[in-house]
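Undergrad: Structure for this input, please:
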Amino acid sequence: MRSQMIWIVSLILIVLIDTAFGYQIRRMLRKKWQKIVYVGHTLLFVSAVLIVQFCLIQGKSNEAFLRTGTMLAILFMVYVPKLWYVLLHALGSLFRKQVPFLFHALGFIGKSVALLLFIVLLYSITGGRYNYKITQVEVPIAHLPESFEGFKIVQLSDLHLGSYGKNYKGVARLVEEVNGLHPDLIVFTGDMVNNRAGEIVRWMPILEQLQAPYGKYAVTGNHDYGSYVRWSSPAAQEENMHQFYGHMQAMGFRMLMNTRIPLVRQTDTLWLAGVENWGNPPFPRYGKLNEALQGLTADKPVILLSHDPSHWRGEVLGKPVALTLSGHTHAMQFGIQIGKMEWSPSQYMYPEYDGLYCENGQYLHVSRGQGYIGYPGRVGLRPVITQIILTQPSNKRF
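TA: Down below sits the predicted model:
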């Protein structure tokens, strides 16, 4: 506790010192020192983020995540707008004598951009973090039985329940929004928690209210195993997983651990398969796709739940899977979407990071999820609730 207080006090001092240094002392310095101040400003910001990421969060407890999120939010709201102002002010200074108008114009733009960024970041950590976007995606499934035409699946992913305080409104709103869609089936594609099964307990009475006539199914994500925590013993981690599965079952979720189940409607069958986490290093590969698909052929429609979208190209393509549902990326909780144009830094890490993809008749849908970890919000790209509607290829409307 003492060490955590030291880091918190250090962060506060960094912000205060930098604010004073950047806005007051800088005016007293000669021009030749001002560039050093600009560089120092950036180094202070980077140092503060590193302190939060690698020191404050060491405990990996629920409280540690909440503290980390709060500190990151403060740092970003203070530093990101100021960094843009500093950069534009520095650029304008190059033309101060030659083009005074440009100097003043860039100064005005810098202040305006800084104010806008502050407002955007403030919204992202308040109402924006649970301002869910409801999307409807129609997916043509080869050999889909006629009785499953229009079958509705709501995909949820990456709730990260350990990231929220007790007054967080997002979970209750999520349940209300999902039940309002009246889905036939609800699936959850991993990362219910940050690390510990106990993170679920507070939210169980709410999440158990999710309703779908064909049930609720889930798979594990990389965070659900508790691998990012130093456990006192292997037995302690194993007990944590046992509790995790128990909590999921108590909320009405059936875990698909490298297995599949038939969904029967009238006399027709649709197969739902699920694997444990399978990702590219450093993420674990516990998924056993062949085991989950054993005995299934291409003429039997299969929907696969797999947390990490990397699995699609790594193993799934070419196997008898019509549609894979994944999460994991969060779209890095940051991006820009204008009409059909979308950009997120996540695309440089994952070729498929958000939305629907198709290759050789096989589909992948990646949900950017409903929760967050680290930075306590969503900037630009809202958290999403996706309703997937299955249809026969000849009936696809778009």
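Undergrad: residue contacts, the residue positioned nearest the centre of the chain?
TA: Nearest to the mean C-alpha position of the chain, by C-alpha atoms, centre = their mean, lies H330 at 2.6 Å. By C-beta atoms under 8 Å, 6 or more residues apart in numbering, the contact list for H330 reads D158, S346, R368, G369, Y372, I373. For the C-beta atoms, the positions are set from N, CA and C on the backbone; glycine is no exception.
Undergrad: same check, this time on F76
TA: L121, Y375.
Undergrad: Of the contacts of H330 - the most surrounded one?
TA: G369 (29 neighbours; other C-beta atoms under 10 Å).
Undergrad: Which residues are in contact with it?
TA: G369 touches L156, S157, D158, L159, D191, G327, H330, P383, V384, counting by C-beta under 8 Å, 6+ apart.
Undergrad: what does I109 give?
TA: L88.
Undergrad: repeat that with 10 Å
TA: W84, Y85, L88, H89, L91, G92 (C-beta atoms under 10 Å, 6 or more residues apart in numbering).
Undergrad: all strands of the stretch 251-398 of the chain, in order?
TA: 253-255, 259-265, 268-274, 302-305, 323-326, 336-338, 341-343, 355-359, 362-366, 384-391 (DSSP state E, counting those that start in this stretch).
Undergrad: will you turn these into a markdown table that also has mean neighbour count?
TA: Converted to a markdown table, the strands of the stretch 251-398 of the chain look like this (neighbours: other C-beta atoms under 10 Å):
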| stretch | mean neighbour count |
| --- | --- |
| strand 253-255 | 18 |
| strand 259-265 | 15 |
| strand 268-274 | 21 |
| strand 302-305 | 26 |
| strand 323-326 | 26 |
| strand 336-338 | 11 |
| strand 341-343 | 12 |
| strand 355-359 | 15 |
| strand 362-366 | 23 |
| strand 384-391 | 21 |
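Undergrad: Ok, which of these comes nearest H311?
TA: Nearest to H311, of all the strands of the stretch 251-398 of the chain, is strand 323-326, at 7.0 Å by C-beta to C-beta.
Undergrad: partner strands of that closest one, parallel or antiparallel?
TA: Neighbouring strands of strand 323-326 in its sheet, by DSSP bridges, are strand 302-305 (parallel), strand 362-366 (parallel).
Undergrad: before we move on, back to that, okay if I get the contacts of G369 as a markdown table plus pLDDT and distance to V229?
TA: What follows is those, written out as a markdown table (pLDDT from 0 to 100; distance: C-beta to C-beta, whole Å):
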| residue | pLDDT | distance to V229 |
| --- | --- | --- |
| L156 | 98 | 24 |
| S157 | 98 | 21 |
| D158 | 98 | 18 |
| L159 | 98 | 18 |
| D191 | 97 | 15 |
| G327 | 97 | 21 |
| H330 | 97 | 20 |
| P383 | 97 | 25 |
| V384 | 97 | 28 |
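Undergrad: could those residues go into TSV alongside distance to L102?
TA: Shown next, in TSV, are the contacts of G369 (distance: C-beta to C-beta, whole Å):
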residue	distance to L102
L156	50
S157	47
D158	45
L159	48
D191	48
G327	46
H330	39
P383	40
V384	41
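Undergrad: now, the most widely separated pair of the residues you listed?
TA: Farthest pair in those, by C-beta to C-beta: D191 and V384, 14.7 Å.
Undergrad: So in this protein, where's the weakest helix or strand by average pLDDT?
TA: Using mean pLDDT, DSSP states H and E, the weakest-scoring helix or strand in the chain turns out to be helix 26-28, at a mean of 54.
Undergrad: any weak-confidence spans in the stretch 51-200 of the chain?
TA: By pLDDT under 70, the weakly predicted segments of the stretch 51-200 of the chain are 51-61.
Undergrad: Quick one: the strands in it, in order.
TA: Under DSSP E, counting those that start in this stretch, the stretch 51-200 of the chain gives strands at 133-140, 152-156, 185-188.
Undergrad: which one of these has the most crowded surroundings?
TA: Comparing these by mean neighbour count (mean count of other C-beta atoms under 10 Å), strand 185-188 ranks first with a mean of 25.
Undergrad: Show me what counts as buried in the helix or strand immediately after that strand in the chain.
TA: Remark: after strand 185-188, the chain's next helix or strand is helix 204-207, criterion DSSP states H and E. If you call a residue buried by 16 or more other C-beta atoms under 10 Å, then helix 204-207 has these buried ones: L207.
Undergrad: And for helix 204-207, what's in contact with it?
TA: For helix 204-207, contacts defined as C-beta under 10 Å, 6+ apart pick out 156, 159, 161, 171-176, 178, 188, 192, 200, 216, 247-248, 250-253.
Undergrad: Only C-alpha atoms, please: export it in PDB.
TA: Extracted C-alpha coordinates of helix 204-207, given in PDB (Å, rounded to 0.1, in the frame of the first residue of the first chain):
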ATOM      1  CA  MET A 204     -23.900 -11.800 -11.400                       C
ATOM      2  CA  PRO A 205     -27.400 -10.700 -10.400                       C
ATOM      3  CA  ILE A 206     -27.500  -8.400 -13.400                       C
ATOM      4  CA  LEU A 207     -25.900 -10.600 -16.000                       C
END
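Undergrad: before we move on, back to that, of all the contacts of I109, which comes closest to Y286?
TA: When these are compared against Y286 (criterion: C-beta to C-beta), the nearest one is W84, at 42.7 Å.
Undergrad: Let me see the contact set for the closest one.
TA: I109, G110, K111, S112, V113, A114, L116, L117.
Undergrad: With distance to L72 added, can I get these in a markdown table?
TA: Formatted as a markdown table, these follow (distance: C-beta to C-beta, whole Å):
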| residue | distance to L72 |
| --- | --- |
| I109 | 27 |
| G110 | 24 |
| K111 | 24 |
| S112 | 25 |
| V113 | 21 |
| A114 | 19 |
| L116 | 20 |
| L117 | 15 |
